[in-house]
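>>> Here is my input, please return the structure:
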Amino acid sequence: MLKMLGAALVILAATLVGWYQAKQFANRPNQIRRLILALKRLETEIMYGFTPLPDALQRIADQNKEPIKSLFVVAAENMNPPRNWTAQKSLEHAIESGWGRTSMKKPEKEVMNQLSYTLGTSDRQDQIGHIVTAVRQLESEEAAARDEQSRYEKMCKSLGLLSGAFIVILFY
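As a prediction, the model looks like this:
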C-alpha cells in the first residue's frame, strides 16, 4: 500500500512539473503581448499626452496586471523622490529585480534593456522611434514564442506524466 502511495506521489509530482513547464510556454507569448501593448501606451503618453516619464510609467503600471505591472511601478518609483534615478537606471533596476517573476526570456530582456538606454535621454520623436523599434523586436519575439508554445506545450505535459511513470517503473 505504501509503495502504491509513493508511486502515485512520484507520478503526480512529475506531472505537475510538466504542467508547470507547459504553463511557462503558454504565459510567455501572452506576457510579451501585454508588454507590447504597454509600450504602445507609453508611446501614446509621450507623444500625445506630454506626460512626464515617471507619471507615464505609473499610468502604464496602473493599466496592467502582474508581472508586467511591477516592472513599470518599480521604474516609476525609482525616478521619483527620494531616489531621483535616471530613466535608464530605474528601468534597468526594475528589469533586473522583476524579470524573474515573468515567463519571458533573455531576448525580451535585452530589448527592454536597449530601450532603457534611450528612454528619457532624447527628444520626443527620438524616444518614439526607439519605442517603435522595441515594439517591432518584441513582436518578432512573440511570434517565436507562439511557435515554441505550439511545439512544446503539449510535449511538456506528456513528458511530465511519462517521466513520472518511468521513474516508478525504475523503482519497481
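>>> can we go C-alpha only for contacts and neighbour counts from here?
OK.
>>> residue boundaries of the helices in the chain?
For the chain, the helices defined by DSSP state H cover 2-47, 53-62, 68-79, 87-98, 106-118, 124-171.
>>> Give me the distance between residue 105 and residue 63.
Separation of residue 105 from residue 63 (C-alpha to C-alpha, to the nearest Å): 23 Å.
>>> one step back: pick the most deeply packed of the helices of the chain.
Burial of the helices of the chain is given as mean neighbour count (mean count of other C-alpha atoms under 10 Å); helix 68-79 ranks first at a mean of 22.
>>> Now tell me what touches it from outside.
The contact list for helix 68-79 (C-alpha atoms under 8 Å, 6 or more residues apart in numbering) reads 31, 34-35, 53-55, 57-58, 60-63, 84-87, 90-91, 93-95, 98-99, 102.
>>> Could you tell me the average pLDDT over it, please?
Averaged across helix 68-79, the pLDDT comes to 93.
>>> can I get the CA coordinates of it in CSV?
Output in CSV follows, covering the C-alpha atoms of helix 68-79 (Å, rounded to 0.1, in the frame of the first residue of the first chain):
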residue,chain,number,x,y,z
ILE,A,68,4.3,43.5,-16.2
LYS,A,69,2.8,46.0,-13.7
SER,A,70,5.7,45.6,-11.2
LEU,A,71,8.3,46.4,-13.9
PHE,A,72,6.7,49.8,-14.6
VAL,A,73,5.8,50.5,-10.9
VAL,A,74,9.4,50.0,-9.8
ALA,A,75,10.8,52.1,-12.7
ALA,A,76,8.3,54.9,-11.9
GLU,A,77,9.0,54.8,-8.1
ASN,A,78,12.8,55.0,-8.7
MET,A,79,12.5,58.1,-10.9
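>>> Now do that helix against helix 53-62, angle only.
Between helix 68-79 and helix 53-62, the angle comes out at 160 degrees (axes from the mean of the first three to the mean of the last three C-alpha atoms, to 10 degrees).
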